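Visitor: Need a 3D model of the following:
(one chain, ligands or ions: 1)
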Amino acid sequence: MIYLDNAATTKPCKECRQAVCDTMETAFGNASSLHKLGTSSMQIMSRAKRTILAALSGTKTPLDGTVIFTSGATEGNNTALLGASHRFRPNGKRIVSTAIEHPSVAKVLTRLEDDGFEVVRLAPKDYEDFTGALIGAVDENTALVSAMAVNNETGFKIDIPRLYREVKRKNSKTIVHIDAVQGFLKVPLDGDLISVSGHKIHASKGIGALFIKKGQNILPLISGGGQQGDLRSGTEPIELIAGFEAAIKAYSGDTAKFAEMKAYLLDRLAELENIGINSDALCVPNIINFSVRGVRSEIMLHSLEEDEIYVSSGSACSRGKKSGVLGALGVSDKDADCAVRVSLCADNTAKELDALCMKIAKTIERVRR
Ligand code: PLP
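Guide: Numbers count the residues shown, from 1 in each chain. Predicted coordinates for the structure are as follows:
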């Protein structure tokens, strides 16, 4: 099997699997229980929080704030946007965002728009300096900025530390939310609220985290027993949390190696005809989106699947539904129809990319005949 769909999800690493099993075996207590088993679960959770805080910034200085565990980034994004926006009266308040957000942000923004917020969605294709354009759209009425660090379809990247710094300089009251699912452990991050997801970094599905900067407060989305400082009720999945921490510590993705692999793939693709590249040099190197003109995405995807080569036709979350995201990134409709997304992890090899390109060439031949 050649798995090149790591932006959709990753294989849980052995450190994560081990930590999940060990925790189930020996530390299965309820973190709210006052006995020893409960205390030990609480300790696992506190340690995992520290690891996440240290990993979040992508620099040597950990971000200053707290972390709540969520079921994933969909919950993290919903909690951040709804929990923060409840602090404002919508009328006359602006939210600045992008036209390339994941549905777990985009759909919440539409809800907030229905509630009376003015939502401004900028498309990268319209700007040379997109980060600057987002900053420029912030005014004294801007309650929230919500932007993804890295786009899941092409790897398009926003300069998050600059965005955060300059938005705050313009309006210190504006809350900045970052969907960092594809950027976590890959690019420098900052923000008042940051959502990340375990299953994109070799942890299991069903676990994520929401960072809340010191001084920020949000209303909870899920109320109940008051766990996690009453910000996210529900018994904490301690096994998944331990696995998440283990995966962060074991993470071995390396930008320089990804850049080498991307360059290799682009060279191999250049040997084929009618290929358009949708991920430019400004994108993170582990996501490479390209169009094989004349072969629709689904045909290519299923043809590759015959040889157990797994890629994506775009965002796996949209299950083949046409998203406007590629268009907002400047990809024509025609190219979007034949877009293929290859997303790498540290285990992928040049040999696997050779096999991918060989099968693409064969598929082009077959479709032409
Ligand atoms: N945000 C982005 C950019 C994503 O790529 C995804 C998943 O693909 C999500 C949010 C949702 O994350 P989760 O699957 O953890 O709910």
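
Visitor: separation between the residue of the chain most remote from its centre and K362?
Guide: In the chain, counting by C-alpha atoms, centre = their mean, R369 sits farthest out from the average C-alpha position, at 39.3 Å. With distances taken as C-beta to C-beta, to the nearest Å, R369 is found 11 Å from K362. C-betas here are computed from N, CA, C, even on glycine.

Visitor: before we move on, what about K36?
Guide: Relative to K362, and taking C-beta to C-beta, K36 is found at 61 Å.

Visitor: Which one's more surrounded, those two?
Guide: Higher neighbour count among K36 and K362: K362, with 14 against 9, using other C-beta atoms under 10 Å.

Visitor: Okay, that one and L272: tell me how far apart.
Guide: 11 Å.

Visitor: so what's the closest residue to C345 other than its chain neighbours up against?
Guide: Distances taken as C-beta to C-beta, 6 or more residues apart in numbering place N6 nearest to C345, at 4.3 Å, with adjacent residues excluded. Shown in contact with N6 (C-beta atoms under 8 Å, 6 or more residues apart in numbering): 200, 286, 343-345, 348.

Visitor: any chance of those residues in CSV, with neighbour count, distance to T23 and pLDDT too?
Guide: Below are the contacts of N6 laid out as CSV (neighbours: other C-beta atoms under 10 Å; distance: C-beta to C-beta, whole Å; pLDDT from 0 to 100):
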residue, neighbour count, distance to T23, pLDDT
K200, 27, 21, 98
N286, 26, 29, 98
S343, 27, 29, 98
L344, 25, 29, 98
C345, 21, 24, 98
N348, 21, 29, 98
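
Visitor: What about the residues you listed, which are in strands?
Guide: S343 (DSSP state E).

Visitor: how deep is L219 tucked in, by neighbour count?
Guide: L219: 14 neighbours (other C-beta under 10 Å).

Visitor: Then the one 10 residues further on?
Guide: The local packing count at G229 equals 11, with neighbours defined by other C-beta under 10 Å.

Visitor: give me phi/psi at it?
Guide: When read as degrees, to the nearest 10, the backbone of G229 gives phi 60, psi 30.

Visitor: and what of T70?
Guide: Torsion angles, degrees, to the nearest 10, at T70: phi -130, psi 180.

Visitor: Just put the contacts of N6 in a markdown table and tack on distance to A147.
Guide: Putting those into a markdown table (distance: C-beta to C-beta, whole Å) gives the following:
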| residue | distance to A147 |
| --- | --- |
| K200 | 18 |
| N286 | 19 |
| S343 | 20 |
| L344 | 24 |
| C345 | 25 |
| N348 | 28 |
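
Visitor: interface residues of this structure facing the ligand?
Guide: With C-beta under 6 Å from any ligand atom as the criterion, the chain meets the ligand at residues 72-74, 102, 104, 148, 152, 179, 181-182, 197, 208, 317.

Visitor: rerun at 5 Å
Guide: Residues of the chain lying near the ligand by C-beta under 5 Å from any ligand atom: 72-74, 102, 104, 152, 179, 181, 197, 317.

Visitor: hmm, back to that, any idea how far the ligand is from the residue farthest from the centre of the chain?
Guide: For R369, the distance to the ligand (C-beta to the nearest ligand atom, to the nearest Å) stands at 36 Å.

Visitor: same question, V167
Guide: Taken as C-beta to the nearest ligand atom, the span from V167 to the ligand is 20 Å.

Visitor: To what extent is that residue buried, counted in neighbours?
Guide: 24.

Visitor: Quickly find the element holding it.
Guide: Using DSSP states H and E, V167 sits in helix 160-170.

Visitor: M358 now?
Guide: M358 belongs to helix 350-368, assigned by DSSP H and E.

Visitor: ok, now F290?
Guide: strand 287-292.

Visitor: in that strand, what counts as buried?
Guide: 287-292 (16 or more other C-beta atoms under 10 Å).

Visitor: Tell me which stretches of the stretch 201-350 of the chain form strands.
Guide: 208-213, 275-277, 287-292, 309-310, 339-343 (DSSP state E, counting those that start in this stretch).

Visitor: tell me the contacts of V340?
Guide: Counting by C-beta under 8 Å, 6+ apart, V340 has contacts 289-292, 297, 300-301, 311-313, 360.

Visitor: measure it to L272 for me?
Guide: On the measure of C-beta to C-beta, V340 and L272 end up 12 Å apart.

Visitor: which residues are common contacts for these two?
Guide: 292, 360.

Visitor: shaky segments in the stretch 201-350 of the chain?
Guide: 314-322 (pLDDT under 70).

Visitor: And the helices in it?
Guide: 238-250, 255-270, 297-306, 325-328, 333-337, 350-368 (DSSP state H, counting those that start in this stretch).

Visitor: mind checking which of those helices is nearest R89?
Guide: helix 325-328 (29.7 Å; C-beta to C-beta).

Visitor: packing partners for the helix holding V167?
Guide: helix 130-136, strand 142-148, strand 175-179 (3 or more C-beta pairs under 8 Å, 6 or more residues apart in numbering; DSSP states H and E).

Visitor: most tightly surrounded among these?
Guide: strand 175-179 (a mean of 28; mean count of other C-beta atoms under 10 Å).

Visitor: helix or strand right after that strand?
Guide: Taking DSSP H and E, what comes next after strand 175-179 is strand 193-197.

Visitor: Looking at M1 now. What's its pLDDT?
Guide: Here, the pLDDT recorded for M1 equals 97.

Visitor: Oops, could you answer that again for S104 instead?
Guide: S104 is given a pLDDT of 98.

Visitor: State the helix or strand in which it lies.
Guide: Counting by DSSP H and E, S104 is found in helix 103-114.
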